[in-house]
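1. after the sequence you'll find the predicted model.
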Amino acid sequence: MDDIPRGFVIREGAHRIHNPFTSDKLATLGRALDLSPGTSVLDLACGSGEMLCTWARDHGLTGTGVDLSSAFIGAARARAAELDVADRVTFIHRDAAGYVAGQPAGIASCLGATWIGGGVAGTVALLRRSLRPGGIMLIGEPYWRRDPPDQATVDGCAGIGMEGWLPLPELVESFGLLGCDVVEMVLADQDSWDRYAAAQWLSIRRWLDAHPQDELAAELRAELASSPARHVRYRREYLGWGVFALMNR
């Protein structure tokens, strides 16, 4: 089976949440959804499984996470054991694109990886195939906080999912065009972006110090030299990110 690029694992190896969402934001989302114990969750591109594991602990949920990264699936299973929820959550190492649950879930989610469906519309269509009637879909997606003034700004924000992001009002309106009601949302803020990005810099630097002769060292050295300035000049200022809870109309 293919796996995700090694550079991504190095960059985000210390992350429990592989997007600009803090633990507090994730907990806020769980409380806002007023989750009932026993609700089943399917989380596509689940990363290190923090949502499933903490919501199983805090809300009594059960669920399945699917991710292409063997490293992240290993971390998710370890996190489930750490939080004593391994009997409630299962993690599967495989490509989440096209994955459909064997039994309909109360919540079907894809946070920050809508490329698995070729974009938001395709991912909503994929999640619908695993959703029970009256269930909730969760979509995590970037959006423009401010209109990018030039191509340099667009390029400086690149690398988070897919291109072609919308401003927040247009993104929210697009869910309606897909036949969904937006019933909740929790948005990242600039501090959330800082925690996501800056943790990568420390991970890269520690890896470089330990692996100076690795074949990826030059590439990651160049990334570390440019990423902090690019983050504060472009991504922190112009790009938002949020999780949107949707229900079929």
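-> It's in.
2. off-centre distance for the helix-or-strand element of the chain with minimal mean pLDDT?
-> Across the helices and strands of the chain, the lowest-confidence element by mean pLDDT, DSSP states H and E is helix 151-157, at a mean of 90. Counting by C-alpha atoms, centre = their mean, to the nearest Å, helix 151-157 is centred 21 Å from the centre of its parent chain.
3. and the helix or strand following it, C-alpha only, in CSV?
-> Reading on from helix 151-157 to the C-terminus, the next helix or strand found by DSSP states H and E is helix 168-177. The C-alpha coordinates for helix 168-177 follow below in CSV (Å, rounded to 0.1, in the frame of the first residue of the first chain):
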residue,chain,number,x,y,z
LEU,A,168,-16.1,32.3,4.1
PRO,A,169,-19.6,33.5,3.0
GLU,A,170,-19.3,31.8,-0.4
LEU,A,171,-18.0,28.6,1.2
VAL,A,172,-21.0,28.5,3.6
GLU,A,173,-23.4,29.2,0.7
SER,A,174,-21.8,26.4,-1.3
PHE,A,175,-23.0,23.9,1.2
GLY,A,176,-26.6,24.9,0.6
LEU,A,177,-26.1,24.4,-3.1
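4. contacts for helix 168-177?
-> Where contact means C-beta atoms under 8 Å, 6 or more residues apart in numbering, the residues beyond helix 168-177 that reach it are 120-121, 124, 139, 141, 143-145, 165-166, 181-182, 185, 240, 242, 244, 246. Heads up, the C-betas are built off the backbone N, CA and C, glycines and all.
5. go with 6 Å
-> Tyr143, Val182, Leu246 (C-beta atoms under 6 Å, 6 or more residues apart in numbering).
6. picking up where we left off before, mind listing what's buried in the least confident helix or strand of the chain?
-> Applying a neighbour-count criterion of 16 or more other C-beta atoms under 10 Å, one finds Thr153, Val154, Gly156, Cys157 buried in helix 151-157.
7. can you check stretch 30-45 too?
-> Of the residues in stretch 30-45, those buried (16+ other C-beta under 10 Å) are Gly30, Leu33, Leu35, Thr39, Ser40, Val41, Leu42, Asp43, Leu44, Ala45.
8. give me the below-cutoff pLDDT ranges for this structure.
-> Applying pLDDT under 70 to the chain flags residues 1-2, 159-163.
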